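S.K.: build me a structure from this.
(one chain, ligands or ions: 1)
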Amino acid sequence: MAEKIDQHTHCHMCGKVIPLSETLCSKDCKDKYQNMVKKRKMFVYVMYAIIFFIITLFFIQNII
Ligand SMILES: [Zn+2]
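M.R.: Model (predicted):
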């Protein structure tokens, strides 16, 4: 008789097998994940700032 294979997924950070209802295996991985999300958000803000800076430069050049 074949053993029942539980449905499972893998931790988004370390790849450890975890229940399907979870996305991360431990508090440690949750902290790391939060940090990664924060860094990603920062990156998006920096990109917007750069785009805004370039557009501003473009307008200033047009005025002068
Ligand atoms: Zn993990």
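
S.K.: could you tell me how many residues sit around L57?
M.R.: The criterion is other Cβ atoms under 10 Å. On that basis, L57 has 10 neighbouring residues. The way it works is simple: take the backbone N, C-alpha and C, and place the C-beta from them, glycine included.

S.K.: how close does it sit to the ion?
M.R.: Relative to the ion, L57 is positioned 44 Å away (criterion: Cβ to the ion, to the nearest Å).

S.K.: same check on V46?
M.R.: Counting by Cβ to the ion, the gap between V46 and the ion amounts to 28 Å.

S.K.: then S21?
M.R.: When distances are taken as Cβ to the ion, S21 and the ion turn out to be 15 Å apart.

S.K.: just the element for the residue nearest the centre of the chain, please.
M.R.: A centroid search over the chain (Cα atoms, centre = their mean) returns V37, at 3.9 Å, as the residue closest to the centre. Assigning secondary structure by DSSP states H and E places V37 in helix 27-63.

S.K.: returning to that earlier point: and the residue nearest to the centre of the chain, how close does it get to D6?
M.R.: With distances defined as Cβ to Cβ, to the nearest Å, the gap from V37 to D6 amounts to 28 Å.

S.K.: contacting residues for I64?
M.R.: For I64, no contacting residues are found, by Cβ atoms under 8 Å, 6 or more residues apart in numbering.

S.K.: show me which residues of the chain are close to the ion?
M.R.: C11, M13, C14, K16, C25, C29 (Cβ under 5 Å from the ion).
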